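# Prediction below, plus the sequence it came from.
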Amino acid sequence: MVGDITVELPAVDAAQPRLTSLTLEQFLAGRSAGMDLVRLILAFLVLVSHTWALGGFGDEPPSPLTPRFLTLGGFAVGGFFALSGLLVGRSALNRAPRAFARSRAVRILPAYFVTLIISAFGAGLIGWIHDRGTLRGFFSFAADGPFTYVGRAALMPIEFSHGIGDVFARSTPYGRATGNSWINGSLWTLPYEMRCYLVVGLLAVLAPRFGGRRVIATGLLITAVLAAGFHWGPAGTTFVVGPYLDAQLVALVFVFLAGALAAAYADRIRLFGPLTVLALIVAVAAGLRSLFFAEHVANAMLVLLLPPIAALLGHAAGVLQGADLSYGLYLYAWPVQQVIALHDWATSPVSFIIISTVFASMLAAASWYGIERPLLRRWKPR
């Protein structure tokens, strides 16, 4: 979720064609700030979607494209993976493997590790003191203690451990609804995203010999077969590939590789063209069919639907002044919302959204200016 994306690639010539005649490649090479704004909006939509569950206001709002099957948060996560595949896939195909791996590690891991510590020893500690009125017993190396939480999550396992003891389990609406401790539930997407990076990185290694378009298309086709297997023959598919893959990973890799394939053909795709209209029609039709088609096909179509929106928002994105706050907002929204719910600071979804946005944005800004941007500048490719 979601942590993206700063890709440094050669810029195109200053003489740009009109917006309506741009190819996707020309738009991406121009490094429009609109992409930062779209990702920030997606991160905000995750916060908005989680407001209903974490604040105890009922079911999450539905996806605008697939309202029968996905939530607003599901739509936003799909958008993140589609755009991530587009930008990271382009990066992988244009960089040496070592430079690609380093850029991904620098962009994702430092801020993620800091978030784990703040989630455990910030939000987790606040919840512990609220429930017990004392620090006693918190700083434990037990299996459900904060140190184990950080250590396990730092390894980015698919089977993510979201709790510390019973913190938030009895004192927040979401905890009472699930019966579990949820310190930072949004982090579940990061292990999947890192595995998507690994997949596209391995495909990029084969690209010089077999061609980037061919290897990405082949990877997408194999992923589609696996997705179909998990859907129509789950028992047999799980028996064969279960130790290495699960249906959720395959679905997200499919959307990610759809983005990477669009990157491979970006010079042939018009930003505002018939393909964009076709993608919208396909997304809506898939969203009416089933959860399977909504998660795979409709979300994959976002790779063609979101860049035009980013292009239209390019001038408005100037207000960000180069700050990419989307990753930090995504990382910190959940623990901030849990603390707000813990203390009953909001009585309606609107007030919950406003308060959580303010505090999560402050942490996102601290993450960007204190961790992400300095490291990106320090490790900028030369």
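On my side now, so go ahead. Please read these numbers as outputs of a predicted model, since none were measured by experiment.

# Only alpha carbons, please: show stretch 92-109 as CSV.
In CSV, the C-alpha atoms belonging to stretch 92-109 read as follows (Å, rounded to 0.1, in the frame of the first residue of the first chain):
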residue,chain,number,x,y,z
ALA,A,92,12.9,-2.2,-13.1
LEU,A,93,13.0,-2.3,-16.9
ASN,A,94,15.3,0.8,-17.1
ARG,A,95,17.7,0.1,-14.2
ALA,A,96,20.4,-2.4,-13.4
PRO,A,97,19.1,-5.0,-10.9
ARG,A,98,21.3,-3.8,-8.0
ALA,A,99,20.2,-0.1,-8.5
PHE,A,100,16.6,-1.2,-8.7
ALA,A,101,16.8,-3.3,-5.5
ARG,A,102,18.6,-0.5,-3.6
SER,A,103,16.0,2.1,-4.7
ARG,A,104,13.1,0.0,-3.5
ALA,A,105,14.7,-0.9,-0.2
VAL,A,106,15.6,2.8,0.5
ARG,A,107,12.1,3.9,-0.4
ILE,A,108,10.2,1.4,1.6
LEU,A,109,12.1,-0.1,4.5
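
# now that stretch, how far from the chain's geometric center?
17 Å (C-alpha atoms, centre = their mean, to the nearest Å).

# Begin at 17, not 1, for the rest of this chat.
Understood, numbering begins at 17; the last thing we discussed is stretch 108-125.

# Now it: average pLDDT?
The average pLDDT for stretch 108-125 rounds to 93.

# Ok, stretch 282-301 next?
pLDDT averaged over stretch 282-301 gives 95.

# Contacts for that stretch, please.
35-44, 81-82, 102, 106, 278, 313-314, 317-318, 320-321, 323-324, 327 (C-beta atoms under 8 Å, 6 or more residues apart in numbering). For every residue, glycine as well, the C-beta is placed using N, CA and C.

# Can you list the buried residues in that stretch?
Neighbour counts over stretch 282-301 (16 or more other C-beta atoms under 10 Å) mark 282, 285-289, 291-292, 295, 298-299 as buried.

# and it, how far from the chain's centre?
22 Å.

# what ranges of this protein fall below the confidence cut-off?
17-33, 397-398 (pLDDT under 70).

# mind running it again at 90?
17-38, 46-49, 174-177, 258-260, 330-339, 394-398 (pLDDT under 90).

# mind checking how far Leu35 is from Trp384?
28 Å (C-beta to C-beta, to the nearest Å).

# neighbour count winner among those two?
For Leu35 versus Trp384, neighbours defined as other C-beta atoms under 10 Å are more numerous around Trp384 (21 against 15).

# how far away is the more buried one from Leu392?
For Trp384, the distance to Leu392 - C-beta to C-beta - is 10 Å.

# now swap in Thr194 and tell me
36 Å.

# next helix or strand past the helix or strand hosting Ile57?
Using DSSP states H and E, Ile57 sits in helix 50-71. Using DSSP H and E, the helix or strand that follows helix 50-71 towards the C-terminus is helix 88-110.
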